[in-house]
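J.: Sequence first, then the predicted structure:
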Amino acid sequence: MSITFACPECMVQIEVADEHAGESGECPRCKQVIVIPSPHQPAPVLMGAKVVPMPAADPWDKPAKDTPSKPRRAETDEPAARRTRTTAAPKQPAGPIWPWVLGVFMAFVVVVLLFSSFAVLVFWRRAEPTRPAPAAELKVKKQAIDNPAMIGRLEGQRIVMQDGVFQIRTELNANDEKDPRDGINRCKRFEIQLRRNQVYVFEQTSNQFDCVIRLENNQNGIQMDVGQVGVRNAAMEFQAPQDGIFVVYATCAQQGFGNFTLTIRERNQFNKFP
């Protein structure tokens, strides 16, 4: 005879010989050790004892209808907390992004406009109206441009003395004409009207080159000069033999350039010279 019973763990139907009643055996499906019931025992019991080989069970066997059912254990070592999964709520579709982009751009424009308005209010100043210079002031400025002399006037190259004195502060440079006598050194050329028998003093001073003054009158063949190498100033007296136009050359002893002052005065005007 044989004993047929269901495994209390996996509910598989097992059939063994009745001679094994009361002994323990391993379920062929779930491998749990159970006590084989006797014909008089209502159900098998799980326990650890002597293992009795049991015949293989059909994995497709279903438990008997009269056998109390028990939830089957999942055939996995995964914890129960992982086996139980909560279905996540579906995500709502995101809205369009262009309203956000448009809003950020409009905010930036507003900030720029506010900053520009503030900068204009702080830094903008109304330009002062330009008043035309008085005619007298313009005349003085024009005279200063046209007349570089400090005392007297210079009309082109013609010297006009003021109360017997003429003085000019100017510059000898590479753009000036060459001295016609040597053709090397640069010079300033002036013309002056001298009176007969009047004694005149000619003075040239510079702190940048050695000065030379030369006085000429081609009609009378008069030619006088003064100055030498190593001397930064030159001075001479001249008595005009007659009324006439004389040429004054302000030049240098060697090829030099720089500022200088030329003074021409009547000798009796010495005290008027500053």
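T.: Looks like it came in fine.

J.: how about the nearest residue to G256 once chain neighbours are set aside, phi and psi?
T.: Among residues not flanking G256 along the chain, F209 sits closest, at 2.8 Å (CB to CB, 6 or more residues apart in numbering). Every C-beta, even on glycine, is put in place using the N, C-alpha and C of the backbone. The phi/psi pair for F209 (degrees, to the nearest 10) reads phi -150, psi 170.

J.: now swap in P99 and tell me
T.: phi -60, psi -40.

J.: Could you check how far it is from M106?
T.: 11 Å (CB to CB, to the nearest Å).

J.: pretty sure C187 is touching D176, no?
T.: Yes: under the criterion of CB atoms under 8 Å, C187 lies in contact with D176, with a separation of 6.2 Å.

J.: Compare neighbour counts for these two and give me the winner.
T.: C187 (20 against 17; other CB atoms under 10 Å).

J.: Distance of the residue lying closest to the more buried one once chain neighbours are set aside relative to A235?
T.: With CB to CB, 6+ apart as the criterion, C187 has its nearest non-adjacent residue at 3.7 Å, and that residue is T251. T251 sits 15 Å away from A235, going by CB to CB.

J.: Between these two, which has more neighbouring residues?
T.: Using other CB under 10 Å, the more surrounded residue of T251 and A235 is T251, with 28 against 14.

J.: Can I take it that that one is in a helix?
T.: No: counting by DSSP: H, G, I helix; E, B strand; the rest coil, T251 is not part of a helix but strand.

J.: any idea how far V101 is from it?
T.: Computed with CB to CB, the distance linking T251 and V101 is 81 Å.

J.: Surely the residue nearest to G256 and N259 touch.
T.: No: counting by CB under 8 Å, F209 stays clear of N259, with 9.3 Å between them.

J.: what's the first-to-last distance across stretch 219-235?
T.: Length of stretch 219-235, first residue to last, CA to CA, to the nearest Å: 24 Å.

J.: quick one: pLDDT of A17?
T.: pLDDT recorded at A17 is 83.

J.: how close does the closest residue to it other than its chain neighbours sit to S24?
T.: With sequence-adjacent residues excluded and distances taken as CB to CB, 6+ apart, A17 is closest to S2, at 5.7 Å. Separation of S2 from S24 (CB to CB): 18 Å.

J.: Look at those two and report which has more neighbours.
T.: Between S2 and S24, S24 has the larger neighbour count (other CB under 10 Å), namely 18 against 10.

J.: Give the bridge partners for that one, please.
T.: V35 (DSSP bridges).

J.: Number the chain from 9, please
T.: Got it, the first residue is 9 from now on, which makes the last one we talked about S32.

J.: If I look at it, what pLDDT would I see?
T.: At S32, the pLDDT recorded in the model is 84.

J.: from memory it sits against V41, does it?
T.: Yes: between S32 and V41 a contact is recorded at 5.5 Å, counting by CB under 8 Å.

J.: if we can go back for a sec, what do F217 and N267 both touch?
T.: Contact criterion CB atoms under 8 Å, 6 or more residues apart in numbering; residues shared by F217 and N267: L180.

J.: and those two? which has more neighbours close in?
T.: The residue with more neighbours, out of F217 and N267, is F217; 20 against 14, by other CB under 10 Å.
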